[in-house]
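Undergrad: Task: produce atomic coordinates for the following.
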Amino acid sequence: MAGHSHAKNIMHRKGKSDAVRSKVFSKLAREITVAAKMGMPDPAFNARLRLAVANARAQSMPKDNIDRAIKKAQGSDGENYDEIRYEGYGPGGVAIIVEALTDNRNRTASNVRSYFSKNGGAMGETNSVGFMFDRVGQITYPAAVGSEDKVMEAAIEAGADDVESDDENHYIYTSFESMAEVSSAVESTLGEAESVKAIWRPQTNTAIDAEKGATLMKLINTLEEDDDVQNVYTNFEMSDEDAAKLAS
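TA: Now for the predicted structure:
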């Protein structure tokens, strides 16, 4: 188990800081609605809904919004969302996975393909890059929760697989199957997590420079601004020098 500080985290934070709060709430609400439709509308009996609600609370989403999203799933006139994964390559051959929840597959596919082509990338077939990633659990804590050593110790005791830390957050990684069990064990030591979710974690990274990084971030930001897109994952890395150029 090792701790790391990656330049890519700097770049992702830069993109995330521009996100409009209402758009974030909208995406969280959509996930809550889908989770509630797939199982019981009670978080106590629906693990996916429980995680969705916890992540919404961590983003300070009002309780009324959360309740409305759950009730929406119970209505006969509510939208039916399909879960779709798109894959492709960005500038410099960076692998990209896009997760979407959509009520119109044609619209979303057309939009995502357009984003790729207009920003130096190309959308591929399903599994064209998926084999480069592992499906794992990610438990996120703010840096203020404690030192990297403290988080590392708690993660080891809980049975986690890895920890990465940067200036703002600690990221604890688990197998997909043990995500709920490990997050519960870590919570007993560190308190409630900022988020607990399944992610696509790259097995290896593709190095790019600041110029390609700027185009890549434009592509990522454009994807994330789309209402249907829930998550974007990449396998890029860059030197601290190039990351500093991009962040400036």
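
Undergrad: wait, what's in contact with Arg30?
TA: Listed by CB atoms under 8 Å, 6 or more residues apart in numbering, the contact set of Arg30 reads Ala69, Tyr81, Leu101, Gln230. Bear in mind the C-beta positions are built from the backbone N, C-alpha and C, glycine included.

Undergrad: most neighbours, which of these?
TA: Of all these, the highest neighbour tally under other CB atoms under 10 Å goes to Ala69, namely 25 neighbours.

Undergrad: how about the nearest residue to Glu187 once chain neighbours are set aside, secondary structure?
TA: Leaving aside its chain neighbours, Glu187 sits nearest to Ala193 (6.4 Å; criterion: CB to CB, 6 or more residues apart in numbering). Put simply, Ala193 is coil when judged by DSSP: H, G, I helix; E, B strand; the rest coil.

Undergrad: what's the pLDDT at Ala193?
TA: If you check Ala193, the pLDDT there is 92.

Undergrad: Could you verify my assumption that it touches Ser184?
TA: No. Applying CB atoms under 8 Å, one finds Ala193 not in contact with Ser184, separated by 10.0 Å.

Undergrad: Ramachandran coordinates for the residue nearest to Glu187?
TA: phi -80, psi 160 (degrees, to the nearest 10).

Undergrad: ok, back up a step: from the contacts of Arg30, which land in helices?
TA: Judged by DSSP state H, the contacts of Arg30 include Ala69 as members of helices.

Undergrad: Show me which of the contacts of Arg30 is closest to Lys27.
TA: The closest of the contacts of Arg30 to Lys27 turns out to be Gln230 (CB to CB; 5.7 Å).

Undergrad: For Ser195, which residues are in contact?
TA: Ala54, Asn55, Ala58, Gln138, Ile139, Thr140.

Undergrad: If we use 6 Å, what do you get?
TA: Asn55, Ala58, Thr140 (CB atoms under 6 Å, 6 or more residues apart in numbering).

Undergrad: same check, this time on Thr206
TA: Gly93, Val94, Asn235, Phe236.

Undergrad: if you set the cut-off to 7 Å instead, what comes out?
TA: Thr206 sits next to Gly92, Gly93, Val94, Ala95, Asn235, Phe236, Glu237 when contact means CB atoms under 7 Å, 6 or more residues apart in numbering.

Undergrad: Any quick ChimeraX command for the buried ones out of the residues you listed?
TA: To isolate the buried ones among the contacts of Thr206 in ChimeraX, judged by 16 or more other CB atoms under 10 Å, type:
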select :92,94,95,235,236,237
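
Undergrad: Need the contacts of Thr206 in JSON lines (columns: secondary structure and pLDDT).
TA: Listed next are these as JSON lines, based on DSSP: H, G, I helix; E, B strand; the rest coil; pLDDT from 0 to 100:
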{"residue": "Gly92", "secondary structure": "helix", "pLDDT": "93"}
{"residue": "Gly93", "secondary structure": "helix", "pLDDT": "95"}
{"residue": "Val94", "secondary structure": "coil", "pLDDT": "96"}
{"residue": "Ala95", "secondary structure": "strand", "pLDDT": "97"}
{"residue": "Asn235", "secondary structure": "coil", "pLDDT": "95"}
{"residue": "Phe236", "secondary structure": "strand", "pLDDT": "94"}
{"residue": "Glu237", "secondary structure": "strand", "pLDDT": "92"}
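
Undergrad: which of the contacts of Ser195 tops the neighbour count?
TA: Neighbour-wise, these (other CB under 10 Å) top out at Asn55, 19 neighbours.

Undergrad: what's the closest non-adjacent residue to that residue?
TA: Counting by CB to CB, 6+ apart, the nearest residue to Asn55 once its immediate chain neighbours are dropped is Ser195, at 4.8 Å.

Undergrad: hmm, back to that, just the contacts of Ser195: which are in helices?
TA: Filtering those for helices - DSSP H - leaves Asn55, Ala58.
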